[in-house]
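[1] Any chance you could fold what I've pasted below:
(chains A and B)
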Amino acid sequence: MGLLTLLLVTLFLGIWESYWRSEGYTPSFENTKDLWAHARAKVGQDGPRDTVVIGSSRILFGFDLDMWQQANLGPRPLMLPLVGTSPIPVLHDLADDPSFTGTLICGVTEVVFFVPAPAPPAKESAEFVQYAKSWSPTARASLFLSVPIESALASLNLEDLSLDALLKRWLPLANRPGTRVPPQFPPYFASIDFDRRNKMWSRTETDPALQHKVQQIWLPLIKIAPPFAGEGLTALLEGVKSDVAKIRARGGRVIFVRYPSTGEFLEIERELWPRADYWDRLLAVTGAPGIHYEDYPELSGFQCPEWSHLTRADAVTFTRNLAPLVRAKLAP
Amino acid sequence: MLFNSLTFIVFFAGVLVVHHLPLSWWVKKLSLLLASYIFYAAWNPPFVALLWLSTVIDFVAAKQIAQTERVLTRRFWLVVSMLTNLGLLGFFKYGGFVLENFVAAAGAYGFNYNPAAPSIILPVGISFYTFQTMSYTIDVYRKQTPPTHSFLDFALFVTFFPQLVAGPIVRATQLVPQFFKEHQATRPQLVWGLGLMTWGLFQKVVLADTFLAPTADAVFGAGAPVLGLDAWLGTLAFSGQIFFDFAGYSTVAIGSALCLGFSLPENFRYPYAAIGFSDFWRRWHISLSSWLRDYLYIPLGGNRHGSVRTNANLLITMLLGGLWHGAAWTFVAWGLLHGIYLWAERLLTARFGGQAWLTRPMARLGLGLLTFLLVLVTWVFFRASDFATAGSILRSMVGMTPDGAPVIATIEMVKTIVVISALLVLQWRLRDAMLEDVVGRAPWWLGGFAWAAMLIVIIITQGGGGAFIYFQF
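    Next comes the predicted model:
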């Protein structure tokens, strides 16, 4: 019986893996709490030479680690951005960590950056922070044991090829009117390295149908809540200011970066989060330097295939052009 | 270490290999003990010290109790054991709860007391191993079991990794004698053990985490009134989730112990096919309900002092049983409801028991469904984070919130209905059967297909990492 079981499982998994590879899937790591905690645990290892990147998916896709290392000749930056979340809880965590005395590059995507603390984008990144604080030995071991498996199997893809994801795809049942369900996130469109660098999937770069599908998912997501404003926003900015001041007080440096977006997504962003009320105010209140892609010709003109993220090639170019600007802005 | 993790697979493979090496039995037991400490330390290494404390105190206390007939000395060591175990449990599990209620009570009397919030981390499985070690000392005190002379055997009894953190809560008489002579699984035992581990993981990873948890989480985490249909489905989903989660853990525990050649008692016996609540508690978390019966209900007087005392003892036992699950009043309410059900059942049995119509199939089915329905109500209190949430869901269930929001996606509704229907039908059909017999009667190739199907679905689910619900207790 055991032999038959083994035979059937091996046979099935072989066919399963071959099928998804033929569909264009390649091995990729998962954006799990363990992978994030692994990167977070390295903060402070290089002292003042540490470069830590935080933010949401735009900087995760658009910041190329190899190019940054080439341009800056420093240690490899640590990637701590989280898809669809606010980096503020991560900023707060780093501000309270005396071992962090390096450079912090914070990506700003208004729809998830300027949100109240209990809102899902902030709550989720706060959960990652909390998880990393009590990262257990067993979770560490599981992460390292998963490396050879995830590096080899394309069919291990939690977001797109798990049973749950497949059931949702194969049984696209309409919900009742007014059903309050979590927003749907786009299908697989990136591969993830062990150091958490996300690279846009080649099909997303070239397939107009997939691009359109992702674009249509962005539209309701971006309008899911009215823009954060008023006293809450003031308090949020004051909190960021305090965290920036803490990092600076021990010799660290902080810079905000606004990555490109395009198309209808950009139009809505401009309408809901006018630059003067959000980006400019963030820099004014915190006193930290910032780089908005619109202000620099070398950072402008990129086309995001699905309106919100850079392609693999553009991420390299963007990072090459960004590096000297960051260096200049942070020069003493 | 979670059963549903890669670390456990590698760890268990290593344990199995060492257990089958040509080593002396003493060395094998020592390796099992070390493995058990590694298993526990994988969460939070410092908490191993609590295990050591509990082990040493109870080993010494039981030895001292057995060495003398002096009542005072015997009682002294019993009290030392109970104070240590209940003290650990009280501090780590109920410290925050007691403080919170003290502050609330002080506030009610006009005293504004604002202590710093305690940051006490609950050691995994503390409720299980403290109850297990305490039962040993009490049994020795009652002269129901002789003390264990081998510290290694006793330490292994307290720490044995398959059942360390979430049971089954084993008695010394069930496990310690198995350590006396060499145990190694036979080939059929190994195959059956691995099959049980697969079935347990399937229950946890696929049925509990993937099929049912999203519906329960959506309803109990909605934060606003939900539609009646959603409230019912959310509660049904949780009833299945908690069963598959906990029974899944117990099944993996029993299976992994069997792979090593040891036998652990069953912890679940088709509980949703129960007819009545005493039947339910003979089928649900059997090792806890028998513990509460032997070490709480019977010492309180059981049913030996008339109807009023019996009912009071039932209520006290179930209240404390509720509190054992968690430091919150909602768990107390859950226990209280079960106590009331048991009390009502006694009354009804005295009035209608023995009537012929009660034995008819349809009557039994009706009573079984009524039992399940009433158990469902208790799960609302068990799952809800507070009474406001529980009240809101119960109001929705009885149609008092017509404006409630739909919160469950259609696909999740389908998953819940399919799994819960299958669960109820299968439990009812198998209520008097043993899984071994059912599998044993099937053709071998069908067993192989079923096993392969479970493994394939577990792998495709890509779950793992989700902690078992009972770890928090």
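[2] State the distance from the residue of the stretch 301-450 of chain B found nearest chain A to A:Met1.
    Nearest to chain A, among the residues of the stretch 301-450 of chain B, is B:Gly448, at 3.5 Å (Cβ to the nearest Cβ). For every residue, glycine as well, the C-beta is placed using N, CA and C. According to Cβ to Cβ, to the nearest Å, B:Gly448 stands 4 Å off from A:Met1.
[3] what's the helix or strand for residue 13?
    No chain in the question, so chain A it is. helix A:2-22 (DSSP states H and E).
[4] That was the other one, I meant chain B.
    Applying DSSP H and E, one finds B:Ala13 within helix B:6-19.
[5] helices or strands up against that helix?
    With contacts defined as 3 or more Cβ pairs under 8 Å, 6 or more residues apart in numbering or on different chains; DSSP states H and E, helix B:6-19 has these neighbours: helix A:137-152, helix B:25-41, helix B:228-259.
[6] So B:Leu292 is in contact with B:Gly322, correct?
    No - if you go by Cβ atoms under 8 Å, B:Leu292 and B:Gly322 don't touch, sitting 10.5 Å apart.
[7] Please list the residues outside the helix or strand following the helix holding A:Leu13 that contact it.
    Once the chain leaves helix A:2-22, the next helix or strand it forms, by DSSP H and E, is helix A:33-40. Applying Cβ atoms under 8 Å, 6 or more residues apart in numbering or on different chains, the contact partners of helix A:33-40 are A:29, A:78-80, A:82, A:127-129, A:131-132, A:135, A:139-140, A:142-143, A:192, A:194-196, B:465.
[8] So which of these belong to strands?
    A:Leu78, A:Met79, A:Ile192 (DSSP state E).
[9] Please tell me the pLDDT value assigned to the residue of the stretch 301-450 of chain B closest to chain A.
    For B:Gly448, the pLDDT comes out at 91.
[10] ok, now B:Ile121?
    72.
[11] Remind me which helix or strand it belongs to.
    Counting by DSSP H and E, B:Ile121 is found in no helix or strand.
[12] Report the separation between it and B:Ala42.
    Plainly put, B:Ile121 is 15 Å away from B:Ala42 if you go by Cβ to Cβ.
[13] Kindly report the same for B:Phe102.
    From B:Phe102 across to B:Ala42, the span is 35 Å (Cβ to Cβ).
[14] orientation of the helix holding A:Leu13 relative to helix A:137-152 in degrees?
    Using axes from the mean of the first three to the mean of the last three Cα atoms, to 10 degrees, one finds that helix A:2-22 and helix A:137-152 are set 60 degrees apart in direction.
[15] Show me what helix A:2-22 is packed up against.
    helix B:444-461.
[16] For the helix it packs on, which outside residues touch it?
    Here helix B:444-461 has contacts from A:1-5, A:8-9, A:12-13, A:16, A:161-164, A:166, B:195, B:198-199, B:201-202, B:205-206, B:209-210, B:439, B:442, using Cβ under 8 Å, 6+ apart.
[17] So A:Ile247 versus B:Ile411, what's the distance?
    Applying Cβ to Cβ to A:Ile247 and B:Ile411 gives a distance of 44 Å.
[18] which one of these two has more residues nearby?
    A:Ile247 (23 against 20; other Cβ atoms under 10 Å in any protein chain shown).
[19] other SSEs contacting whichever strand or helix holds the more buried one?
    Using DSSP H and E, A:Ile247 falls within helix A:230-249. Packing partners of helix A:230-249 (3+ Cβ pairs under 8 Å, 6+ apart): helix A:88-95, strand A:253-258, helix A:279-286.
[20] Which SSE is immediately downstream of the second one?
    So the one you mean is strand A:253-258. helix A:263-272.
[21] pLDDT on that next one, on average?
    Per-residue scores along helix A:263-272 average to 94.
[22] buried stuff in it?
    A:Gly263, A:Phe265, A:Ile268, A:Glu269, A:Leu272 (16 or more other Cβ atoms under 10 Å in any protein chain shown).
[23] Also stretch A:302-309?
    A:Phe302, A:Cys304, A:Pro305, A:Glu306, A:Trp307, A:Ser308, A:His309.
[24] and the two most separated of the residues you listed?
    Greatest spacing in the buried residues of stretch A:302-309, by Cβ to Cβ: A:Phe302 and A:Glu306 (12.8 Å).
[25] low-confidence ranges in the stretch 151-300 of chain A?
    A:183, A:185-188 (pLDDT under 70).
[26] From what I see, B:Ser250 and B:Gly200 are in contact.
    Yes - if you go by Cβ under 8 Å, B:Ser250 and B:Gly200 touch, sitting 7.3 Å apart.
[27] follow-up on the earlier one: mind giving me CSV with the buried residues of stretch A:302-309 and columns for distance to chain B?
    Output for those, formatted as CSV (distance: Cβ to the nearest Cβ, whole Å):
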residue, distance to chain B
A:Phe302, 34
A:Cys304, 29
A:Pro305, 27
A:Glu306, 24
A:Trp307, 26
A:Ser308, 25
A:His309, 24
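[28] Just checking the distance from the worst-scoring helix or strand of chain B on mean pLDDT to the centre of its chain.
    When the helices and strands of chain B are scored by mean pLDDT, DSSP states H and E, helix B:95-108 comes last with a mean of 81. Its chain's C-alpha centre and that of helix B:95-108 lie 28 Å apart, by Cα atoms, centre = their mean, to the nearest Å.
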